[in-house]
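*Asks:* How does the following fold in three dimensions:
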Amino acid sequence: MKTPVLNAESHSPLYRQLMRKLRADIASGVYPVHSRIPSEQELCDKYQVSRVTVRKALAELTQEGLLNRQQGKGTFVGVPRLCKDLKDVNSFHDACRLMNCTPSTRVIHAQLTYATEEDARDLLCESDQVVETLRLRLADDTPVMLETNRFPLHYEYLLQEDLTGSLYGILQEHGIEANQAVHEISLTYATASQAKYLCVNEGDALLNLREIIYDQYGRPLHTSKQLIRGDRFTFRI
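*Replies:* So this is what the prediction gives:
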């Protein structure tokens with residue numbers, strides 16, 4: 001029995017309707033990660049659409065990283081990549097939930113450390129110490145990001161908290177909201193220790209996202225340096 005045709009009367013183009021259908025099937029497990037999806041002709045027959053429509057849908061999903069097209073073999077479901085929208089300030093936990101991934105965190109250290117000139121400038125702090133957290137962020141138990149956050153000294157109470165969850169969740173309990181951010185993105189290469197944490201090879205390229213986060217009153221909340229595996233994470237600007 002054929003699947004009912006997509007709605008040709010809809011304001012949404014047919015290829016976008018097909019994209020939504022394929023996304024839903026992947027999310028629900030109809031097509032698991034690494035599995036082969038039906039061929040172009042099979043999709044044409046199943047959804048009663050043209051090959052042009054199918055190819056455009058598959059091309060868009062491949063560009064997003066959701067699909068992986070292999071010449072002569074077919075189209076396969078890729079490993080999902082997390083997406084961070086740089087227009088919004090949201091947590092790693094939020095990004096994981098949006099992609100139906102399970103977030104987890106390993107705290108490498110949480111400590112007081114000496115403030116640098118950069119800390120004094122970016123955090124407007126006068127103390128000679130700042131609070132630093134170094135955490136490994138994982139999605140579905142796969143290392144994705146090595147994250148260093150530095151806070152002014154009056155956030156020292158964070159050292160008494162369970163930092164394996166959402167830092168922003170903890171801050172919200174203390175009446176602090178992350179409101180806006182300034183971003184800088186560059187390319188860097190994994191050192192031996194970074195590669196070990198992120199399960200990549202030494203010298204592999206990493207995305208380096210540096211942020212200054214401000215609270216709801218416009219005050220510097222913290223700086224963040226995130227070393228990110230580009231094969232597991234993407235940005236939306």
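
*Asks:* okay, CA-based contacts and neighbour counts for the rest of this
*Replies:* Noted.

*Asks:* shaky segments in this structure?
*Replies:* Along the chain, the parts satisfying pLDDT under 70 run over 1-5, 9, 79-91, 98-100, 234-237.

*Asks:* okay, now the domains of it?
*Replies:* 14-77, 82-236 (automatic domain parsing).

*Asks:* How far does the shortest one stretch from one end to the other?
*Replies:* Spelled out, that is domain 14-77. Length of domain 14-77, first residue to last, CA to CA, to the nearest Å: 21 Å.

*Asks:* And stretch 164-171, what's buried?
*Replies:* 165, 166, 167, 168, 170 (16 or more other CA atoms under 10 Å).

*Asks:* Could you do stretch 186-202 as well?
*Replies:* Quick answer for stretch 186-202 (16+ other CA under 10 Å): 189, 190, 194, 195, 197, 198, 200.

*Asks:* sec struct for residue 30, please.
*Replies:* Following DSSP: H, G, I helix; E, B strand; the rest coil, residue 30 is assigned to coil.

*Asks:* Can you give me the distance of it to residue 233?
*Replies:* For residue 30, the distance to residue 233 - CA to CA - is 23 Å.

*Asks:* Tell me which of those two has more neighbours.
*Replies:* Counted by other CA atoms under 10 Å, residue 30 and residue 233 do not tie: residue 233 has more neighbours, with 17 against 13.

*Asks:* can you pull up the bridge partners for the more buried one?
*Replies:* Beta-bridge partners of residue 233, counted by DSSP bridges, are residue 82.

*Asks:* How about residue 221, nearest residue that isn't a chain neighbour?
*Replies:* Leaving aside its chain neighbours, residue 221 sits nearest to residue 214 (4.9 Å; criterion: CA to CA, 6 or more residues apart in numbering).

*Asks:* What's opposite that neighbour in the beta bridge?
*Replies:* Beta-bridge partners of residue 214, as defined by DSSP bridges: residue 180, residue 220.

*Asks:* which residues sit in contact with it?
*Replies:* 178, 179, 180, 181, 220, 221, 222 (CA atoms under 8 Å, 6 or more residues apart in numbering).

*Asks:* What of residue 122?
*Replies:* Applying CA under 8 Å, 6+ apart, the residues contacting residue 122 are 212, 220, 223.

*Asks:* picking that back up, tabulate the contacts of residue 214 in a markdown table, adding columns for neighbour count and distance to residue 96.
*Replies:* Putting those into a markdown table (neighbours: other CA atoms under 10 Å; distance: CA to CA, whole Å) gives the following:
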| residue | neighbour count | distance to residue 96 |
| --- | --- | --- |
| 178 | 23 | 18 |
| 179 | 16 | 20 |
| 180 | 21 | 20 |
| 181 | 20 | 20 |
| 220 | 20 | 25 |
| 221 | 26 | 23 |
| 222 | 23 | 22 |
